[in-house]
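Asker: I would like to see how this sequence folds:
(chains A, B, C and D)
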There are 4 protein chains.
Amino acid sequence: MTREPKPISSEIAWSTSDRITVRGLDLPGEILGHMGLAEFSFLQLTARRPTPSEARVYEALLLTLVEHGLTPSSLAARLTYAGAPESLQAAVAAGLCGLGTVFVGTTEGSARLLSEALADDDGSADLNRVAADVVAGFRERKQLVPGVGHPVHKPIDPRTPRLFEIAAEEGLSGRYVELMNLVGAEASRSFGRELPVNATGAIGALCCELGLPVRTVRGLGVMARAIGLVGHILEESENPMAIELWQRAEDEATAHLRP
Amino acid sequence: MTREPKPISSEIAWSTSDRITVRGLDLPGEILGHMGLAEFSFLQLTARRPTPSEARVYEALLLTLVEHGLTPSSLAARLTYAGAPESLQAAVAAGLCGLGTVFVGTTEGSARLLSEALADDDGSADLNRVAADVVAGFRERKQLVPGVGHPVHKPIDPRTPRLFEIAAEEGLSGRYVELMNLVGAEASRSFGRELPVNATGAIGALCCELGLPVRTVRGLGVMARAIGLVGHILEESENPMAIELWQRAEDEATAHLRP
Amino acid sequence: MTREPKPISSEIAWSTSDRITVRGLDLPGEILGHMGLAEFSFLQLTARRPTPSEARVYEALLLTLVEHGLTPSSLAARLTYAGAPESLQAAVAAGLCGLGTVFVGTTEGSARLLSEALADDDGSADLNRVAADVVAGFRERKQLVPGVGHPVHKPIDPRTPRLFEIAAEEGLSGRYVELMNLVGAEASRSFGRELPVNATGAIGALCCELGLPVRTVRGLGVMARAIGLVGHILEESENPMAIELWQRAEDEATAHLRP
Amino acid sequence: MTREPKPISSEIAWSTSDRITVRGLDLPGEILGHMGLAEFSFLQLTARRPTPSEARVYEALLLTLVEHGLTPSSLAARLTYAGAPESLQAAVAAGLCGLGTVFVGTTEGSARLLSEALADDDGSADLNRVAADVVAGFRERKQLVPGVGHPVHKPIDPRTPRLFEIAAEEGLSGRYVELMNLVGAEASRSFGRELPVNATGAIGALCCELGLPVRTVRGLGVMARAIGLVGHILEESENPMAIELWQRAEDEATAHLRP
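Answerer: A predicted model of the protein is given here:
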């Protein structure tokens, strides 16, 4: 074995006996008491401090992602906690494992759609035409257009206008937001039913406005939902439902097999 | 099977076609753009809004927990991402699974110590005596006193004075903080070496001051560290170290077996 | 930083361009087609090949652990799969996270009870007296005696006599099995209700007969249940229940909140 | 909410006070002591008992997947165990989370390639031509052909001939095995370097010969590796490397940041 080791490095944090530094800032002296959690998470993920406007839009977007009620993910966390209450961290982990292509990946989908559609845009692209091409492409591939329509929130998703309003207030409603809205309108026309921009489409558009790489988008959902899951586990510890859900499921699902 | 189903309920969130409500507040109208992420997470976990002072102390405490550099947890997340880059959520989950009794549980330990020691306190207990009893108890059971001393941050942990300073600024430095400091002093005397309050001791004390139940404390570490882990995974996606660490480990650990 | 690196080593496996060796055996030439899966797993965990008798007892014990129907763990795996069907591995992981102190830890408990009770036994201990002391100890600490009684399988757990029968056939029913049975009898007498040895008690006793360290016991449950979980996820992919369970739970649990 | 509940059902297992039945067989009477672990896992996954020949091939394939030495996955499990030694199950879970598209998904890839290529085959397809088309397709899409070539095992992967030999001995070396070999030969010719069938290609081919659905294939890797991971965690508990690997990584990766 004569393999030459390659160097490894990390730019995130370091510490010595008397100092702790994250992203170049002194944790006790420049972060604690001076920054908000959302602002610090932006710094942690992107290696730069957001402007106050960016921080407000980014915070709204995270707030949207924290809590979605009883979801498959929060039920998985509760069921896990029922078996291993000594490992709260593993119950959160179990809940996160289900944030894949079906439930949180759609946020990634709309961010990818927008960033690819405007990858070479110098500000002169005809957004109506871009929207038409985007929708036609998904139609042709028989795929759902990400970020539009919602099974429950009809006719509109109440989070979308609020998120876009905050972005506008902060001067961060640009061409990605415009294109997302046009994609919703075009999809509604093309598929012949109401398909307005949903919360994941709004979040995807705002991530693009904030300059966050597409792969970051799923990460936002994961870290925000971790907060929500801790809330569900604490409620489960006081007002449990997991054992009851299990017994009902077992009774019903195997009744036809039992003598 | 004549088991009677028991009702299940959750107080956290609900939604209808045009409304989304979390902890009794309208998400678009009362949360987005109106609350900070830390404030909202306090609400999610405790079902009540923190006062501005509580929010500032709580936020400082979360900021302390987000990022600890390259840890076993962040390395586990990076190694997992190297094998399943399509599942960022599972890489975060893997990282969280290791936040148990060795690394994050100590925060829980100091919160438990303090809340048990002052469980019946009406404000008149002699804290010097309580501290002496607490330390003597751990000594007798040959256990480490949680929340004091640090292998790296010597002679003092720079996070502790800053966290206590913020708590004092906000009028939230009470008997738990006082007792924690006395425990540190008593432990130093009793064990004959410097054992000042470390960051986990400070966090445990502040959780008690905020009235958070002990089982909440580990949850704070888990959700804060989820943010940190997303940062590590994004760095790994641009500047990877996992494959190199693996190859070095494999080469070295099995060299004595290979012919 | 002048820390001297400490050497690391692993004895499990190594490979070169033309050889792959596990626990000292050539994988293609000495394992594939020559060993059973249970036998190989015994080797992997203990670094020694089991005798044929040990292999048969060990295999029976693993077979007992694979599948327990719809459990909180298999429901968590199914709910996770519903959200991230592209990550079957993460759905299994979510299911495993709940195998803690409530559901699989009890196997560990009975193995610990037995190995501690006979730690200094040279074969001359009076097992009736040992059983009485063990039960008295749990009674005094107001703890459940691990490995006896079962909420469903009454009056006896049908797995126990079969596991003990196989052990007897293979000459592996020794003092641990005897003590476990005496503990069941003594617990029944002491608590005034039928508390015969359950499957986890039988498994704990057989692990001790096989000389497996206590910390191995939970590992057996984890690896066996991984097989069971894959079966549940494959069934979920063809005959799903997760989405239905989620919708029912959400409807019922938040009905009182909705207008 | 007037949603009508849909029925749920599972065919895997059921139990009553005196019976436990898995896949229609009585666990104590027909499984324990009567079946092997691999045979039982085939039944659990496919709802049918394998023939003895199928069982031997399937077992060889699982044995191949159990243990691959120190991998990113086993290192993630060890690092997780170092932080939460009380949750062995969560350490295995962390290790499994990384079995995605990079390391275990390739098995799935070759099974998919083969099953799609022979989906309409009535036994008369010209396999040379099929292999040429398959390789040309991957070339055109600039994708790696799954199941051929290996970075370490050159010129051949020693597991492949042994797996194919066992299949031939059992009369289970059919057109999938033949096609996989032809794909390897064609890939070698087309790309101008040695690309013989590797272990994942052999496993994919054997899964097809056994009639296992493609989505089952990753499941085999996951459940087999769970066994391997328990072995690594037990070794870590006696001869740890995680803390050392962490300290080395942290020292090196952040040396350039520290003063």
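
Asker: quick check, central residue of chain A?
Answerer: A:Gly221 (2.7 Å; Cα atoms, centre = their mean).

Asker: next one: the closest residue to that one other than its chain neighbours from A:Ser73, what distance?
Answerer: Take A:Gly221 and drop its neighbours on the chain: the residue closest to it by Cβ to Cβ, 6 or more residues apart in numbering or on different chains is A:Val104, 4.1 Å away. For the C-beta atoms, the positions are set from N, CA and C on the backbone; glycine is no exception. Distance, A:Val104 to A:Ser73, by Cβ to Cβ, to the nearest Å: 9 Å.

Asker: of those two, which one has the most company?
Answerer: Set A:Val104 next to A:Ser73 and count neighbours by other Cβ atoms under 10 Å in any protein chain shown: A:Ser73 wins out with 31 against 28.

Asker: and the residue in the stretch 101-250 of chain A positioned nearest to chain D, how many residues sit next to it?
Answerer: In the stretch 101-250 of chain A, the residue that lies nearest chain D is A:Ala249 (6.6 Å; Cβ to the nearest Cβ). Per other Cβ under 10 Å, the neighbour tally for A:Ala249 reads 26.

Asker: next SSE after the strand or helix carrying A:Ala136?
Answerer: Assigned by DSSP states H and E, A:Ala136 falls within helix A:127-140. Per DSSP H and E, helix A:127-140 leads on to helix A:159-169 as the next helix or strand towards the C-terminus.

Asker: could I get the average pLDDT for that following helix?
Answerer: Mean pLDDT, helix A:159-169: 98.

Asker: do stretch A:48-68 as well
Answerer: pLDDT averaged over stretch A:48-68 gives 97.

Asker: break chain A down into its structural domains.
Answerer: Annotated domains of chain A cover A:12-49, A:51-259 [automatic domain parsing].

Asker: what's the most buried one of those domains?
Answerer: domain A:51-259 (a mean of 22; mean count of other Cβ atoms under 10 Å in any protein chain shown).

Asker: and of the domains of chain A, who's closest to D:Leu127?
Answerer: Of all those, domain A:51-259 sits nearest to D:Leu127, with 31.2 Å by Cβ to Cβ.

Asker: what is the end-to-end distance of that closest one?
Answerer: Separation of the first and last residues of domain A:51-259 by Cα to Cα, to the nearest Å is 67 Å.

Asker: how close does the closest residue to A:Pro5 other than its chain neighbours get to D:Leu70?
Answerer: Distances taken as Cβ to Cβ, 6+ apart place B:Arg248 nearest to A:Pro5, at 5.8 Å, with adjacent residues excluded. Computed with Cβ to Cβ, the distance linking B:Arg248 and D:Leu70 is 10 Å.

Asker: likewise A:Gln89?
Answerer: 25 Å.

Asker: can you check A:Ala93 too?
Answerer: From A:Ala93 to D:Leu70 the distance is 23 Å (Cβ to Cβ).

Asker: same thing with A:Arg49?
Answerer: 39 Å.

Asker: residues of chain A that sit close to chain C?
Answerer: A:69-73, A:75-76, A:79-87, A:90-91, A:93-95, A:97-104, A:241-243, A:245-246, A:249-250, A:253-254 (Cβ under 8 Å from any Cβ of the partner chain).

Asker: re the thing from before, identify the contacts common to A:Val104 and A:Ser73.
Answerer: A:Arg225, C:Gly83 (Cβ atoms under 8 Å, 6 or more residues apart in numbering or on different chains).

Asker: okay, now the unreliable bits of the stretch 101-250 of chain A?
Answerer: Applying pLDDT under 70 to the stretch 101-250 of chain A flags no residue at all.

Asker: at 90 what do you get?
Answerer: Applying pLDDT under 90 to the stretch 101-250 of chain A flags the ranges A:101-107, A:150-156, A:215.

Asker: show me where it has helices.
Answerer: All helices of the stretch 101-250 of chain A, identified by DSSP state H, counting those that start in this stretch, fall at A:105-117, A:127-140, A:159-169, A:175-191, A:199-209, A:214-238, A:242-254.

Asker: mind putting the ones you listed into CSV with distance to C:Val134?
Answerer: Shown next, in CSV, are the helices of the stretch 101-250 of chain A (distance: least, Cβ to Cβ, whole Å):
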stretch, distance to C:Val134
helix A:105-117, 53
helix A:127-140, 67
helix A:159-169, 59
helix A:175-191, 67
helix A:199-209, 57
helix A:214-238, 31
helix A:242-254, 29
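
Asker: for the residue in the stretch 51-200 of chain A positioned nearest to chain D, give me its contacts.
Answerer: Of all residues in the stretch 51-200 of chain A, A:Ala90 sits closest to chain D, at 4.1 Å by Cβ to the nearest Cβ. Counting by Cβ under 8 Å, 6+ apart, A:Ala90 makes contact with A:Thr80, A:Ala84, B:Leu96, B:Cys97, C:Cys97, C:Gly98, C:Gly100, D:Ala84, D:Ser87, D:Gln89, D:Ala90, D:Ala93.

Asker: and the least confident of the residues you listed?
Answerer: The minimum pLDDT among those falls on C:Gly100, with 92.

Asker: quick one: secondary structure of it?
Answerer: coil (DSSP: H, G, I helix; E, B strand; the rest coil).

Asker: quick one: contacts for it?
Answerer: Contacts of C:Gly100 (Cβ under 8 Å, 6+ apart): A:Gly83, A:Ala84, A:Pro85, A:Glu86, A:Ser87, A:Ala90, D:Ser87, D:Gln89.

Asker: just A:Glu59 next, same as before
Answerer: Counted by Cβ under 8 Å, 6+ apart, A:Glu59 has contacts A:Gly36, A:Ala38, A:Glu39, B:Gly36, B:Leu37.

Asker: any idea which of these is closest to C:Glu194?
Answerer: B:Leu37 (54.3 Å).

Asker: how about the contacts made by the closest one?
Answerer: B:Leu37 touches A:Gly36, A:Leu37, A:Ala38, A:Ser41, A:Glu59, A:Leu62, A:Leu63, A:Val66, A:Ile227, counting by Cβ under 8 Å, 6+ apart.

Asker: secondary structure element for the fourth one?
Answerer: When you say that, I think you mean A:Ser41. helix A:37-46.

Asker: show me how far that helix is from its chain's centre.
Answerer: 15 Å (Cα atoms, centre = their mean, to the nearest Å).

Asker: who touches A:Thr46 in this structure?
Answerer: Here A:Thr46 is in contact with A:Leu212, A:Thr216 (criterion: Cβ under 8 Å, 6+ apart).

Asker: appreciated, that's everything.
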